[in-house]
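**Student:** got a sequence here, can you build the structure:
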Amino acid sequence: MAREAAITHLTRRGLIVGASAALTLAALPAMAKRSVMPPARPVRANGINLSVHDVGTGPAVILLHGFPSLAFGWRHQVAPLVEAGYRVIVPDLRGYGLSDAPTAIEAYSIDRLTGDVVGIMDALGVKSAAIAGHDWGGLLAWQLPLLHPARVAAVIGVNTPYIPDWMLWLHPDVVRAALLEGRTFVADPRRPPIAQMRQVYSPDMYVLMFQDSLKADRAMGRSPRDTIRSTYRKGLLPALQWGDLPKDAANMEVYGKPIPATLPGKDVLTPAEVDVYARAFERTGFTPAINWYRNLDRNWAASRDLDPRIDAPALMVSGRDDFVLRPSMADGMSAYVSKLTRHVIEGCGHWTPEEKPDQLNRLMLGWLATVDRSRFA
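**Tutor:** Residues are numbered from 1 along each chain as shown. Model (predicted):
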């Protein structure tokens, strides 16, 4: 009965949200309408309820958001993809928004996360789809052709490169900036990543902080609005200045600290857009989303016997000024991704779908047009 009540509540909530979105959409000018998310509905997938936006007809494109984001983070991409003849499916991923948020840390392991995407496809009658992912959604997108190759028509990584063995945060280009003077380090894919990261970074490096306590969860949850606004920044650092990063930035000490009164760079989001994120995280807190990071060693262990090669057509889009996920980190991808196309968006930081939507849309649509339609069958 409790489960039925929860599903009913989610369904009613989806109808209310959908009606509200429709009224808002009707009042907006034509250009603004292109960036309003269509109504979501609950989809039962992989044993949980996920809130999913599903619009359009044609070959399916699934858009996977990152941390700390929502399906809403893809709002600028939905209408252009639908207008180009694609069915666009955008979930609030497990632990986010109106989707279920299990309490167990292991409920956020990569087998569960990829299982959610495949479960959505099964529920919606989609045999194969192009999978696009940004940030953590990019990590998830690259794992899908490894774990479920028959379901993946193509892959698009936005900012997040494919690096085997969960060694993303141990790539030489980010490690080098964090190392103390005179120290060297070479990652070992045969060893779990977290212990190796402790050899390189300070305990306040955000991924390590997430492992060690709920400090960041609590700090971020005190004011979700301030957390989102301070996280979604652009114009922070040109690529030419990466070598001059202060140590706290090089160590990626970005969460769990007091938020300064004056924020660096510029806002990515409008106040109304910040409110959308803030309301969602006021409801869920940040712990479910952070639990994705608490499975890195578990994910590494699960990948030990996988063939790391990806045969699906793949597009990698980097932001020139993303100093965490640097474009150079994708330089080795062609050794593992046989059909790879790469692009770098100039003057773009980490939040590409929202920071440079027009440029990203042109790249995605142009490349998707080259993918053999028979792969979606």
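**Student:** what about the residue lying closest to Ser338 once chain neighbours are set aside, how many residues nearby?
**Tutor:** Once flanking residues are discounted, Ser338 sits nearest to Asp311: 5.6 Å by Cβ to Cβ, 6 or more residues apart in numbering. Yep, even glycine has a C-beta here, placed from its N, CA and C like the rest. Asp311 has 12 neighbours, counted by other Cβ atoms under 10 Å.
**Student:** was I right about Asp311 contacting Arg375?
**Tutor:** No. In this structure, Asp311 is not within contact of Arg375 by Cβ atoms under 8 Å, at 10.9 Å.
**Student:** tell me the pLDDT at the residue nearest to Ser338?
**Tutor:** At Asp311, the pLDDT value in this model is 97.
**Student:** how about the helices in the stretch 51-200 of the chain?
**Tutor:** Using DSSP state H, counting those that start in this stretch, the helices of the stretch 51-200 of the chain run over 75-83, 110-124, 136-147, 172-178, 193-200.
**Student:** run the chain-centre distance for the shortest one.
**Tutor:** Its chain's average C-alpha position is 22 Å from that of helix 172-178, according to Cα atoms, centre = their mean, to the nearest Å.
**Student:** which parts of it are buried?
**Tutor:** 172, 174-175, 177-178 (16 or more other Cβ atoms under 10 Å).
**Student:** over to the first one?
**Tutor:** For helix 75-83, the buried set under the neighbour-count rule, 16+ other Cβ under 10 Å, comprises 75-82.
**Student:** and stretch 364-377, what's its mean pLDDT?
**Tutor:** 96.
**Student:** just the CA coordinates of that stretch, formatted as CSV?
**Tutor:** The C-alpha coordinates for stretch 364-377 follow below in CSV (Å, rounded to 0.1, in the frame of the first residue of the first chain):
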residue,chain,number,x,y,z
MET,A,364,25.5,17.1,-31.2
LEU,A,365,23.0,17.5,-34.1
GLY,A,366,25.6,17.6,-36.8
TRP,A,367,27.3,14.5,-35.4
LEU,A,368,24.1,12.5,-34.7
ALA,A,369,23.1,13.0,-38.4
THR,A,370,26.2,10.9,-39.3
VAL,A,371,25.2,8.0,-37.2
ASP,A,372,23.7,5.1,-39.2
ARG,A,373,20.0,5.0,-38.4
SER,A,374,20.0,1.2,-38.5
ARG,A,375,21.9,1.2,-35.2
PHE,A,376,18.7,2.5,-33.5
ALA,A,377,16.7,-0.5,-34.6
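**Student:** picking that back up, worst mean pLDDT among the helices of the stretch 51-200 of the chain?
**Tutor:** Among the helices of the stretch 51-200 of the chain, helix 172-178 scores lowest, with a mean of 92.
**Student:** so what's the residue most central in space within the chain closest to, chain neighbours aside?
**Tutor:** Centroid-nearest residue in the chain, with Cα atoms, centre = their mean: Gly66, separated by 2.0 Å. Spatial nearest neighbour of Gly66, excluding adjacent residues (Cβ to Cβ, 6+ apart): Asp135 at 2.2 Å.
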